[in-house]
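Peer 1: Pasting the sequence and the predicted coordinates here, then a few questions.
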Amino acid sequence: MPTLFSGGCACGAIRYECSAEPVFSANCHCRDCQRASGSAFASALLVPKTAFSLVQGIPKYHRVTADNGNTIERGFCPACGSPLFVNMFAYPILVGIQAASLDDPSWHQPAMDCWTASAQPWDHMYPTLPKFERRVTEEQLKELLTSRG
C-alpha cells in the first residue's frame, strides 16, 4: 500500500505511516485530552488500523478510563514523551493519531469539537465547527460523515 501520510515523535525514535484517508477528525476538549496534550484540547484523526503501520520504535502506552467510561490507551514516545496515538477499546478497528505528530500537519482539518462542556474559558474554538458538549454518538457521527460527502 502506498503511504498517504507519515509522522513521528519529536526525537525521531518513533515513526509511523498510514495508507488511508482519516475516517474523521476532532478537537477533543475533555480533561483527559487536555492533560495528555498539555493544552486546551487534543486534535486527532482516526484511521483504519489496517492502513496504519508503525515503522520504527516502540511506543509506551498509558491506559485510562475516559470521561464517558470507555477504556483508552494513549501511546507516546518513551524517549521524548511526544503524544502520538490513541487506541479506543470502543472502536477496535481504528487508531487515533495526534495531529501534532504528523510530518505535515497543515493538511489536517478537524471536523468537530467534542467535550466542549470541559473546554477551558481561555480556549477560543473555531466558530464554524460543529460542537458537542460530550462525546459524539454513533448517530451524530454518521450524520457528520454523510454531510461531508
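Peer 2: Everything's here; your move. Residues are numbered from 1 along each chain as shown.

Peer 1: secondary structure element for the residue at minimal distance from the centre of the chain?
Peer 2: Centrality entry for the chain: nearest residue to the mean C-alpha point is A44, 2.4 Å, by C-alpha atoms, centre = their mean. Here A44, judged by DSSP states H and E, is contained in strand 42-48.

Peer 1: for the helix or strand following that strand, packing partners?
Peer 2: Scanning forward in sequence from strand 42-48 by DSSP H and E, the next helix or strand is strand 52-56. In terms of contacts (3 or more C-beta pairs under 8 Å, 6 or more residues apart in numbering; DSSP states H and E), strand 52-56 is packed against strand 15-18. Where C-beta positions appear, they are placed from N, C-alpha and C, glycine not excepted.

Peer 1: for the strand it packs on, which positions count as buried?
Peer 2: R15, Y16, E17, C18 (16 or more other C-beta atoms under 10 Å).

Peer 1: which residues touch stretch 95-103?
Peer 2: 5-9, 16, 18, 22, 25, 37, 42-49, 52, 82-88, 105, 108, 110 (C-beta atoms under 8 Å, 6 or more residues apart in numbering).

Peer 1: Alright, that wraps it up for me.
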